[in-house]
Structure formats: structure tokens, C-alpha cells
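>>> Show me the folded form of this:
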Amino acid sequence: MTNKQGFLVEGVVGDIAKWLMNERSTLKCALSIIYNSQFFEKLQDPDTGLYAESSAYNYDLLVSEMRNGKIVQADI
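I've put the predicted structure just below:
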């Protein structure tokens, strides 16, 4: 992962952590949810391009994983 990708990943994680904290958890719990998810692995993978997507889009993917036990992406 390049420095630019790492910076974008950090921004997405920060936004998602804030939203999780507002909804249901502490910072520690929010970060644990994120860092222990399949979503986070995919967010860091440069081949997926998720690091370049909006934080809201990525949040929806994480919520999908939390609800379904895996990432489920609805086709538009």
C-alpha cells in the first residue's frame, strides 16, 4: 500500500469510527469492529479500490458485513 492509499484508509477508518461511536459504541469498540472485519482487509487491498470510495459507501459495506456475517453488495 502506498502512502496515499494509507492516508485514505486512515480517513475512511476515522469517519466510520465516528459513526459507529454515535450509534452504539465507544472508540475502543468501534475500532475493534473495524480492524477485526473482513471489510478492513478489503479496504487495505489496493486491488479492490475501496480506499478511494467514499466513507459512506465503505460504512455501508461494514454494516452489511455486521448484519450478514459477510459483505453483501447490492447491485444497482
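
>>> Just give me the longest helix of the chain.
helix 3-23 (DSSP state H).

>>> ok, now which ones touch Tyr59?
Tyr59 makes contact with Asp15, Ile16, Trp19, according to CB atoms under 8 Å, 6 or more residues apart in numbering. For every residue, glycine as well, the C-beta is placed using N, CA and C.

>>> quick one on the thing from earlier: mind listing what's buried in the longest helix of the chain?
In terms of neighbour count (16 or more other CB atoms under 10 Å), helix 3-23 has its buried residues at Gln5, Leu8, Val9, Val12, Val13, Ile16, Ala17, Trp19, Leu20.

>>> so where is this structure shaky, pLDDT-wise?
The model of the chain has pLDDT under 70 over residues 74-76.

>>> do that again at 90, thanks
By pLDDT under 90, the low-scoring segments of the chain are 1-3, 23-25, 69-76.

>>> on that earlier part again, list the helices and strands the longest helix of the chain packs on?
On a contact count with 3 or more CB pairs under 8 Å, 6 or more residues apart in numbering; DSSP states H and E, helix 3-23 meets helix 27-35, helix 38-44, helix 55-68.

>>> Any idea how far that helix is from the middle of the chain?
In terms of CA atoms, centre = their mean, to the nearest Å, the centre of helix 3-23 is set 7 Å apart from its chain centre.

>>> tell me the most buried of the helices and strands packed on helix 3-23?
Mean neighbour count, computed with mean count of other CB atoms under 10 Å, is highest for helix 38-44 among the helices and strands packed on helix 3-23, reaching a mean of 18.

>>> Dump that helix to CSV, restricted to CA.
C-alpha atoms of helix 38-44 as CSV (Å, rounded to 0.1, in the frame of the first residue of the first chain):
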residue,chain,number,x,y,z
GLN,A,38,-13.3,-8.7,6.5
PHE,A,39,-14.2,-5.2,5.3
PHE,A,40,-11.0,-3.8,6.7
GLU,A,41,-8.9,-6.4,4.9
LYS,A,42,-10.5,-5.5,1.7
LEU,A,43,-10.2,-1.7,2.4
GLN,A,44,-6.4,-2.2,2.7
